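[1] Got a sequence here, can you model it:
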Amino acid sequence: MSDAVAEKLAAASTGYLSKDDYKRKREEIEQEDALRKLREKMGSEGAAVEVTKKKSKKKDKRPSALSFGDELDAEADPSPRVVPKKMGKCQDVDVSFLKKNDREAQEAASKSEAALREYLVLQQKAKQEPVELPYVFRSEATQRELPQAVHRGTVTVIKGSTSEEVARLVRQDVAKTAGPKFALPEVAGRQVESDVVLAAGVAGNTIGSFIIPASLTLVQVLSQRWSEGSSMFEDFKCGIVVTERRWYEASRHVFPFSQWSVFDEHKTYSLKEFISNRNAKSGVDPVRTKS
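    Sure, this is the predicted structure:
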């Protein structure tokens, strides 16, 4: 999310907003920002075409240094004028490198905006698609209570869910399926959700590879690609890992937390470099086997 979008969202969300209202407001602002950037891009291209045309007109009006008009008038009667045949566009010549005229630029801008609007509509539909995610949950309690130090399960969410929302749903599922020792704590009869983080694996790495920022949706995560062109997260084929933030901060020097990096959506990652560097970090493996 750009700084401009973040500022607009902060201004628009002043006061009380429900989670759904906040999410909807953010999507509206992001769509408006995408359309604005496209219009600015098309506008700058149109301005460049106009400047080129003006320069061309000025060049045509410039008088020549020498004139032979008087001498030509003194000569014999001129021969009949031959009107040149109008030339049309040659269909066999590539003219894509030439600058567009005003009409062509306007048509291109209209097509681009229509395509962007269609993409945004398809993206909204994609956000409503359900996806089943296999997860691994790690915490101080699982480390202490479970033979393999982790709890495994699956949750079904929609692709429009943010990383934070998915992590909280996983924590709620653990509370339901792992037994009373893993129930969410209660204060005054109400469950207290702990702060949790989500990491997703890539390139066959099921222990987790990248910590996904809380505000990124699954649609945005799934759209990420390696610099080589292939999908990074491959429909979460490697699953996700969820852990309590407090436990992660205390254990980030040990395996597998020592292998995680915070994902930056504005960076480009190389699969080749990731594979060659995946063992560069070190850490103590805290997983205990059954004795």
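
[2] quick one: low-confidence ranges for the stretch 1-150 of the chain?
    Residue ranges of the stretch 1-150 of the chain with pLDDT under 70: 1-10, 12-20, 38-39, 41-100, 116, 118-126.

[3] swap the cut-off to 90 and go again
    Within the stretch 1-150 of the chain, the segments meeting pLDDT under 90 span 1-129, 131, 139-149.

[4] Phe210 against Val202, yeah?
    Yes. Taking contacts as Cβ atoms under 8 Å, Phe210 lies within contact range of Val202: 6.8 Å. All C-beta spots, glycine's among them, are computed from the backbone N, C-alpha and C.

[5] Now for the two: what residues contact both?
    Residues touching both Phe210 and Val202 (Cβ atoms under 8 Å, 6 or more residues apart in numbering): none.

[6] send the alpha carbons of stretch 258-275 over as CSV?
    Output in CSV follows, covering the C-alpha atoms of stretch 258-275 (Å, rounded to 0.1, in the frame of the first residue of the first chain):
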residue,chain,number,x,y,z
SER,A,258,15.4,-18.2,12.1
GLN,A,259,14.6,-19.2,8.5
TRP,A,260,11.8,-16.6,8.1
SER,A,261,12.0,-13.2,6.4
VAL,A,262,9.4,-10.5,6.3
PHE,A,263,7.8,-10.4,2.8
ASP,A,264,8.0,-7.1,0.9
GLU,A,265,5.5,-6.9,-1.9
HIS,A,266,7.4,-4.0,-3.5
LYS,A,267,10.5,-6.2,-4.0
THR,A,268,11.3,-8.8,-6.7
TYR,A,269,12.6,-12.1,-5.4
SER,A,270,14.6,-14.7,-7.4
LEU,A,271,13.9,-18.4,-7.0
LYS,A,272,17.4,-19.2,-7.9
GLU,A,273,18.8,-17.0,-5.2
PHE,A,274,16.2,-18.2,-2.7
ILE,A,275,17.2,-21.9,-3.2
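
[7] buried ones in that stretch?
    Across stretch 258-275, burial judged by 16 or more other Cβ atoms under 10 Å covers Gln259, Trp260, Phe263, Tyr269, Leu271, Phe274.

[8] what does stretch 195-204 give?
    Within stretch 195-204, the residues that count as buried by 16+ other Cβ under 10 Å are Val196, Val197, Leu198, Ala199, Ala200, Gly201, Val202.
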